[in-house]
Every structure is written in structure tokens, then in C-alpha cells.
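Visitor: quick one, what's the 3D model for this:
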Amino acid sequence: MGYAQKLISVILAFLSLFFGETCGMIPTDKGSVTMFDFQRPQLSQKDDYERILFACPPRGCEYSFANLYLWGRQQLVFTRGCVAFFSHFNGRSVYPYPIGDGDKRAVIEEILLDAKQRGIPCRIVSMTQADQAELQGWFPDRFLYRTDRDGFDYVYSVDDLADLKGRKFQKKRNHVNRFRAEHPRFELQTLTHDNFSAAQHMVSDWYRARMQADPAGDYMLESIALSRAFRHYEGLKMESAVLLEDGEILALTMGSRLWSDTFDIHFEKAREDVEGAYAAINCEFARYLRLKYPDLRYLNREDDVGLAGLRKAKLSYNPHHMVEKSWAYLVEDFHGD
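Guide: Predicted structure coming up:
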């Protein structure tokens, strides 16, 4: 993402943060008429949205209601028994693939008209392989497709992360065992009123240190999203845990249910000076979730956004599978972007 695009994204995020939850993140020409009245997601829509989402086959982490709400990039509208989306990604307007059991083909036809009336290229994103097959069947030869490897989600077996069995997890076991040996009084606690403020301070210290060490890093949007997660923790029904030793927070993780068998890890932060803290909270939280939700099978640890170091780290945990995604470009709109 270029500097100008980063700056625009940060400004929009701050507008959302300081001027209310209904602040539109994606402006449109007020003189134009569009098919859809896209709006920022509201907490009051969570239950209705998740009834539709949970009835769908598993999808990527960007469809989590918490992610929709926290990052402020996507707008949505309920229509024809489906949910349609409008978003902004790296300076480009895009339409994440609609979800729902309603008349999805009609919704996509209206997306094509919506893009035309907005005067923007029609880019449909976040498509699974099944979505792409569906779109090709409905609109043969209308779209060009490309794989979005940077957007693939890493999905892990909860048993793998909780137990770290076998040779492929030997290095991870070593990190966790060393952490346990060096911090024998550590404990995992869920986020409560008693440790809520301390967790916020730990996260603030983490971002402050990271921004000082890496001034060119792109941490602002994530810090805003995590700040909103704390502010709307109960409304979003988030779940979080912290690693403590002698009352001091060493690491924090936070996520929410994505499907009946999948939990989405939205945020994970640990003190950089505590070796093994990331591996430890990863393992301990997987154990906690497995005990609390016996039907849980997977942990979605989201994508790597194309960062080589993050990709290497996520692959090192041996994902059970990936949620593969692709983009579709309307043929007449495609200009090689």
C-alpha cells in the first residue's frame, strides 16, 4: 500500500473512531443513484447477520461480524434474503462476494448495476472456490479471475495447537516448555473487569514500542481496531485471555466464534522481551477453547496480507487447511490492476 493510500485509510479510520459508528467509510457521489444503500454494520444487526452467516458454508475471516465492525472498511445491506457488501481495499472499491440462501444471482446482477451507477470497476473479492464456480455458472465469460494468495486464511486443528504433538511441532513445544520453565507461576485468565484495564495498558505499551522500533510499519489501523474491540467487547461477544505472572500481563489474545466448529483469532499480542510468550498463549488459549467448546474443531488465524515474515510464522504452525480466495473482474472493466 502506498503512502497516500495509507494516509487516506488512517484518516477514514480516525473519522469513524471520533465521529461515531454510523460514519460512512466509503463516500459516494450524493448526486448519483445507486441500487444499494450500503451502511456501516451496527451492533443491533449482529444476530440477524450471524443467522445468515452461520447457515453458509465456511468462509474467510473477513466475514466475521467482529471484523466487519472493528476495521470499518466494509459496508453492508440486507437484500433478497442475502447480505451484500461494499468495501475499500488498497485504494480500490470492491464488492466482497454476497452471502445467504436468498436470490444471490439477482443480488450479483444488482451489484453489476451498482458499480455501473457509481462509475467504478466491478471487482468481486473474497470468493471461495465454490463461489467462483457459482459465479462462472451464472455469468459465463463475463469475468476474469485471479487467485488472492495474500488473502488466504490459515486454519488450524484446535487439537494440534493445544497438544503440539509429533515431530512437526517439536520447535513449538520447545518454546512453550522453555516459557513454562522460566515462568513457573504463569496462569491463563479470561479477560474480566479485574484485568481489563491492565490488558489495555499492555496493548498500548506494545504498539508504542513497536511504532518506535519500526516507524515505517503499518500499525495504526490495527491499533484503532483493537481499541474498538475493547470498547465494544461485550456487544461483540468477544472472548479473550491473558497470560499473567505475579499480576503482570505477558500476553493477550482475543477472538470470536466464526462458525459452529471454528473460532477466529482476531488479535494476539505478547511482550517482546518474554521469550516464548506468543507460543505459550497460542497453546494455552487453544486448550481453554477446546475445554469450553467440545464441538470446536478449528482455529482460524486469518491471513498474512502478503508479509513474508508473517507467512513464514503462520506456515510454521502447520495449518490443517487454507481458506483459498480469489478476485473476479468484469471483463470490460479489467485494466490489469
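Visitor: SS state for residue 280?
Guide: When classified by DSSP: H, G, I helix; E, B strand; the rest coil, residue 280 comes out as helix.
Visitor: quick check: closest non-adjacent residue to it.
Guide: Closest residue in space to residue 280, ignoring its immediate chain neighbours: residue 179 at 4.3 Å, by C-beta to C-beta, 6 or more residues apart in numbering. Where C-beta positions appear, they are placed from N, C-alpha and C, glycine not excepted.
Visitor: so the one you found touches residue 281, yeah?
Guide: No. Checked against C-beta atoms under 8 Å, the pair residue 179 and residue 281 is beyond contact range at 9.2 Å.
Visitor: thinking again about what came up before, state the distance from the residue nearest to residue 280 to residue 286.
Guide: Residue 179 sits 15 Å away from residue 286, going by C-beta to C-beta, to the nearest Å.
Visitor: pLDDT score for the closest residue to residue 226 other than its chain neighbours?
Guide: Distances taken as C-beta to C-beta, 6+ apart place residue 267 nearest to residue 226, at 5.3 Å, with adjacent residues excluded. On pLDDT, residue 267 comes in at 97.
Visitor: for the stretch 1-150 of the chain, just list every one of the strands.
Guide: Secondary structure of the stretch 1-150 of the chain by DSSP state E, counting those that start in this stretch: the strands cover 74-79, 82-89, 92-96, 99-100, 123-127, 143-147.
Visitor: I'd like these as CSV, with mean pLDDT appended.
Guide: What follows is the strands of the stretch 1-150 of the chain, written out as CSV (pLDDT from 0 to 100):
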stretch, mean pLDDT
strand 74-79, 96
strand 82-89, 94
strand 92-96, 96
strand 99-100, 97
strand 123-127, 97
strand 143-147, 97
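Visitor: which of these sits closest to residue 111?
Guide: Between residue 111 and those, the tightest spacing by C-beta to C-beta is seen for strand 92-96, at 5.1 Å.
Visitor: so which elements touch the closest one?
Guide: Judged by 3 or more C-beta pairs under 8 Å, 6 or more residues apart in numbering; DSSP states H and E, strand 92-96 is in contact with strand 82-89, helix 104-118, strand 123-127.
Visitor: tell me the angle of the shortest one relative to strand 82-89?
Guide: Put simply, strand 123-127 runs at 110 degrees to strand 82-89, going by axes from the mean of the first three to the mean of the last three C-alpha atoms, to 10 degrees.
Visitor: and the angle for strand 123-127 with helix 104-118?
Guide: Using the same axes, to 10 degrees: strand 123-127 against helix 104-118 is 140 degrees.
Visitor: strands paired with strand 123-127, and their directions?
Guide: If you go by DSSP bridges, strand 123-127 pairs up with strand 92-96 (parallel), strand 326-330 (antiparallel).
Visitor: compare the ones you listed and give me the one nearest residue 229.
Guide: Nearest to residue 229 among the strands paired with strand 123-127 is strand 92-96 (20.7 Å), distances taken as C-beta to C-beta.
Visitor: could you tell me the angle between the closest one and strand 74-79?
Guide: If you take the same axes, to 10 degrees, strand 92-96 sits at 40 degrees to strand 74-79.
Visitor: who touches residue 67 in this structure?
Guide: 61, 264, 266 (C-beta atoms under 8 Å, 6 or more residues apart in numbering).
Visitor: most neighbours of all the residues you listed, which one?
Guide: Highest neighbour count within those: residue 266, with 26 neighbours (other C-beta atoms under 10 Å).
Visitor: what about residue 77, how many neighbours?
Guide: For residue 77, using other C-beta under 10 Å, the count is 18.
Visitor: ignore what I typed, I meant residue 39.
Guide: 14.
Visitor: near the residue lying closest to it once chain neighbours are set aside, how many other residues are there?
Guide: Residue nearest to residue 39 in three dimensions, not counting chain neighbours: residue 75, with 5.7 Å by C-beta to C-beta, 6+ apart. Under the neighbour criterion other C-beta under 10 Å, residue 75 is assigned a count of 21.
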